[in-house]
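*Asks:* Kindly generate the corresponding structure for this input.
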Amino acid sequence: MDCFDIAVVGAGHAGCEAALACARMGLHTLLLTLNLDSIALMPCNPAIGGTGKGHLVREIDALGGEMGRAIDDTFIQSRMLNTGKGPAVHSLRAQADKRAYAQRMRRALFAEPNLEVRQGECGELLTENGAICGLRTTTGADVRCRAAVICSGVYMDSRIIIGECSWMGGPQGLLASSHLAGALRAVGLSLRRFKTGTPPRVDAASIDFGEMEPQPGDMPIVPFSFMTDPAPLVNRAQCYLTYTNAETHRIIRENIHRAPRYAGTIHGTGARYCPSIEDKIMRFADKDRHQLFLEPEGLDTNEWYVQGLSTSLPEDVQLDMLHTIPGLRRARVLRLAYAIEYECIDPLQLRADLSCRRIAGLYFAGQINGTSGYEEAAGQGILAGINAARHVQGQPPVVLGRDQAYIGVLVDDLTTKGTNEPYRMMTSRCEYRLLLRQDNADLRLTELGHAVGLASDERLERMREKRNASQEAVARLKRTWLPKTAERDAWLTAHGQAEAPSSVCAADLLRRPGLSLADLSPLLPQEAQLEPGVREQVEVTLRYEGYLEKERRQVEAFRRAEDTLLPQGFDYMTLDGLRIEARQKLTAHQPRSLGEASRISGVSPGDVAVLMVFLEKRRRETQSNPQ
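*Replies:* Here you go, the predicted model:
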């Protein structure tokens, strides 16, 4: 019988980060995957990042994860999204060479000395005294372990659906996991069925790019990893934009009865924020067109991804509607679009460290928790991996708060509110998004990553240098005054700025709309030498100083609620004043703090007030009866 400290089931984006975290923290780790060829597979969009998602990748990197470095090594086009808005919602997105990305992640896994990777399927979870003690593969091998992380993605009892055709299977022709769902039910976990989908892939040789709008990448390129040197990074591919039209919509409407969701043959709940093209046409009937992005799947393949055309319509309908679209009128389909249904768990069965409430040492991460997206999966993966390792080491768990990280927002939403549809991270889900920007993820999380044994000494030192340089530059600009001179006034006029009658503070000048530190370099040559990352911190700190301070005060109030602890194992059914729904939810969930209780669905502000009175009463009783 093989013995490991930790077993990780599934080698998608969650499993890769979980396994690497465990191994790098010194634990002997097994990574078990259905198919070695599907490691870090991108079965849907061949890209990393995007709105809200880019924040997650930066945080994974700051903690010492692999995703950021892997995409920096294998991207073919990079763009910063939402640059027309404030820095809180700027999000990096990079088009990946999907095969190169998978190979890059595979190399990282096989190079890790504490990690063993095997092909196999988990068929049974082994427990002793309410704790995980191992797993049994479908071929009969027993693996002993002290903790396990389940990262099965969309493979559990998965079913592929194209029109009237369906079969049990995983993404892109891979096998489904046919035993794991039963193993989870056998240990008392409840499951539900979700659905996602993917668009067709078309042959580049059949695309008329002249009918579409080019979408070039950005220059200079901003890397995902805080350890990547941006200087040698270049875009190597171009994407294109096209649109559906009235004819496309007519074909879809006339065949809507053949769409599996409308025909009643799909029972899983789909993603609200990534609807199929037929859902878009039916839900947004007033729209006369919808955007479609043509994106290459790599540099050595003819496959192009038609982003925005996710569907499960029959093959003949897919071809007919595709051939109405400018640039795709002669398109040859290499892979049909499809929907996939799969089993996942109710994440309310998990704690904030992603551990299972029922079974000690059992952790879950990724789409099995009801999320969608590679980045959401990887963010959960590294947190679950850290906590599985700390469980084995006898250390307290790491819990990321909503005020610390987007990963914290994601996990808190899942474990306190739950989700009735595939969960997608968005900047709007974060209350403190000006403080939790993608550009300062290293300042927020590197020390934590270093403390648990993931972030390197070099990474920590680089973060500290950035932080110190930023703070020193802010202080310097606040005490630097530019006297009234002909040179200064000429510069102000050249930059469309009103002349100042006397000396002006350099910090106040930087706060003026449209001015950057780069613009100020003729007047402040010292600041021109700052690193790009430092300049960004300085500009955001000074321009949004009042708003940042306001959010910090909000965070202080939030932390007071988080620090107000509730008793564990308490029977809230005995607490008068609570509504019956709140009693049931609180008893089942056993929230750690007053703040966590306030975010549970079904717990009202009135219920929170009752809890506050209850806690104050307990405090007074404890003071009067210290024994």
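
*Asks:* contacting residues for residue 502?
*Replies:* By C-beta atoms under 8 Å, 6 or more residues apart in numbering, residue 502 lies in contact with 483, 484. C-beta coordinates here come from the backbone N, C-alpha and C atoms, glycine included.

*Asks:* Repeat the analysis, applying 7 Å as the threshold.
*Replies:* residue 484 (C-beta atoms under 7 Å, 6 or more residues apart in numbering).

*Asks:* SS state for it?
*Replies:* Secondary structure, DSSP: H, G, I helix; E, B strand; the rest coil: residue 502 is coil.

*Asks:* Can you report phi and psi for it?
*Replies:* Main-chain torsions, residue 502, degrees, to the nearest 10: phi -140, psi -160.

*Asks:* Where does pLDDT dip in the stretch 101-250 of the chain?
*Replies:* Within the stretch 101-250 of the chain, no range satisfies pLDDT under 70.

*Asks:* Show me the helices in it, by range?
*Replies:* 180-186, 246-254 (DSSP state H, counting those that start in this stretch).

*Asks:* which stretch among the ones you listed comes nearest residue 577?
*Replies:* Minimum separation from residue 577 across the helices of the stretch 101-250 of the chain (C-beta to C-beta) falls at helix 180-186, 37.0 Å.

*Asks:* Which neighbouring elements make contact with that closest one?
*Replies:* Contacting helix 180-186 under the criterion 3 or more C-beta pairs under 7 Å, 6 or more residues apart in numbering; DSSP states H and E are the following elements: strand 122-128, strand 191-198.

*Asks:* Which residues does the longest one contact?
*Replies:* This points to strand 191-198. Contacts to strand 191-198, defined as C-beta under 7 Å, 6+ apart, come from residues 43-44, 154, 181, 184-185, 266-271, 276, 310-312, 337-346, 370, 372, 422.

*Asks:* on that earlier part again, okay, the helices and strands packed on helix 180-186, which one's buried deepest?
*Replies:* Ranked by mean neighbour count, the helices and strands packed on helix 180-186 are led by strand 191-198 with a mean of 21 (mean count of other C-beta atoms under 10 Å).

*Asks:* Spatially central residue for this protein, please.
*Replies:* residue 376 (2.8 Å; C-alpha atoms, centre = their mean).

*Asks:* Using PDB, write out every CA atom in stretch 429-441.
*Replies:* What follows is stretch 429-441, C-alpha atoms only, in PDB (Å, rounded to 0.1, in the frame of the first residue of the first chain):
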ATOM      1  CA  ARG A 429     -18.600  41.100  -5.900                       C
ATOM      2  CA  CYS A 430     -15.800  42.800  -3.900                       C
ATOM      3  CA  GLU A 431     -16.700  45.500  -1.400                       C
ATOM      4  CA  TYR A 432     -13.200  46.800  -1.100                       C
ATOM      5  CA  ARG A 433     -12.000  46.700  -4.600                       C
ATOM      6  CA  LEU A 434     -10.000  49.900  -4.500                       C
ATOM      7  CA  LEU A 435      -7.900  48.400  -1.800                       C
ATOM      8  CA  LEU A 436      -7.800  44.900  -3.400                       C
ATOM      9  CA  ARG A 437      -6.400  46.000  -6.800                       C
ATOM     10  CA  GLN A 438      -4.500  43.600  -9.100                       C
ATOM     11  CA  ASP A 439      -1.400  45.800  -9.000                       C
ATOM     12  CA  ASN A 440      -1.000  45.500  -5.200                       C
ATOM     13  CA  ALA A 441      -1.600  41.800  -4.800                       C
END
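
*Asks:* Spit out the contact partners of the closest residue to residue 367 other than its chain neighbours.
*Replies:* In space, and not counting its chain neighbours, residue 367 is closest to residue 153: 4.9 Å by C-beta to C-beta, 6 or more residues apart in numbering. Counting by C-beta under 7 Å, 6+ apart, residue 153 makes contact with 10, 12, 366, 367, 368.

*Asks:* From the residues you listed, list the buried ones, please.
*Replies:* Buried residues within the contacts of residue 153, defined by neighbour count using 16 or more other C-beta atoms under 10 Å: 10, 12, 366, 367, 368.

*Asks:* Need the per-residue pLDDT for the third one.
*Replies:* Just to be clear, that refers to residue 366. Listed pLDDT for residue 366 reads 97.

*Asks:* Now it: phi and psi?
*Replies:* The phi/psi pair for residue 366 (degrees, to the nearest 10) reads phi 100, psi -150.

*Asks:* I figured it hits residue 380, correct?
*Replies:* Yes - contact criterion C-beta atoms under 7 Å: residue 366 and residue 380 qualify, at 5.7 Å.

*Asks:* Name the residues contacting each of these two.
*Replies:* Contact criterion C-beta under 7 Å, 6+ apart; residues bridging residue 366 and residue 380 by contacting each: residue 14.

*Asks:* Buried residues in the longest helix along the chain, which are they?
*Replies:* Of all the segments of type helix in the chain, defined by DSSP state H, the longest one is helix 457-478. The neighbour-count check on helix 457-478 (16+ other C-beta under 10 Å) flags 459, 460, 462, 463, 466, 467, 469, 470, 473, 474, 477 as buried.

*Asks:* Tally up the residues packed near residue 343, please.
*Replies:* 24 (other C-beta atoms under 10 Å).

*Asks:* In three-state terms, label it for me.
*Replies:* strand.

*Asks:* how far away is the nearest residue to it once chain neighbours are set aside from residue 170?
*Replies:* Nearest non-adjacent residue to residue 343, counting by C-beta to C-beta, 6+ apart: residue 156, 4.0 Å away. Residue 156 is 9 Å from residue 170, where distance means C-beta to C-beta, to the nearest Å.
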